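Undergrad: no sequence for this one, just the structure:
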C-alpha cells in the first residue's frame, strides 16, 4: 500500500482553488493551477511552515487510523481550512 500524504502544497491548493476560480472565472484549469503555484511561491515562510505542520499532522492521523484498522478519510476538516478532497 502506498502512503497517500497530503503535501503542504496540496493543502494550500485545496484551500485557495475556489477563491482563485471565483476571482478569475475565465481561467482555464491549467491557468488556475499556475496562479495557485505562483501564490504558493509568494507565501511567507511562516505560512508555508504552517502548512508543513498541518501536512505532518494529517500524515500522523492517517497512520493512527490505519493502525486501528480504520480507513483513512480523504476529506480533511480543520478550523483553518475548507474541506478538501484531493
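TA: Okay, I see it. Note that the coordinates shown come from a computational prediction; the quantities given were computed from them, not determined experimentally.

Undergrad: name the element the residue nearest the centre of the chain belongs to?
TA: For the chain, residue 11 is the residue whose C-alpha lies nearest the centre (C-alpha atoms, centre = their mean; 1.1 Å). Residue 11 belongs to helix 8-23 when assigned by DSSP states H and E.

Undergrad: For that helix, what is the distance to the chain centroid?
TA: 8 Å (C-alpha atoms, centre = their mean, to the nearest Å).

Undergrad: now the protein, which segments are flagged as low pLDDT?
TA: 1-4, 71-86 (pLDDT under 70).

Undergrad: circling back: surely the residue nearest to the centre of the chain meets residue 55?
TA: Yes - with contact defined as C-beta atoms under 8 Å, residue 11 reaches residue 55; the gap is 6.0 Å. All C-beta atoms are positioned from the backbone trio N, CA, C, and that covers glycine.

Undergrad: Next SSE downstream of the helix holding residue 11?
TA: Where DSSP H and E defines the elements, the next helix or strand beyond helix 8-23 is helix 29-42.

Undergrad: after that next one comes which helix or strand?
TA: Helix 29-42 is succeeded, C-terminally, by helix 45-67 (DSSP H and E).

Undergrad: Kindly calculate the angle that that following helix makes with helix 29-42.
TA: Between the axes of helix 45-67 and helix 29-42, defined by axes from the mean of the first three to the mean of the last three C-alpha atoms, to 10 degrees, the angle is 110 degrees.

Undergrad: What are the buried residues along helix 45-67?
TA: 50, 51, 54, 55, 58, 59, 62 (16 or more other C-beta atoms under 10 Å).

Undergrad: which one of these is nearest residue 34?
TA: The closest of these to residue 34 turns out to be residue 51 (C-beta to C-beta; 18.9 Å).

Undergrad: related to what we said a few turns ago, mind putting the buried residues of helix 45-67 into a markdown table with distance to residue 26?
TA: Formatted as a markdown table, those follow (distance: C-beta to C-beta, whole Å):
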| residue | distance to residue 26 |
| --- | --- |
| 50 | 31 |
| 51 | 28 |
| 54 | 31 |
| 55 | 31 |
| 58 | 33 |
| 59 | 36 |
| 62 | 37 |
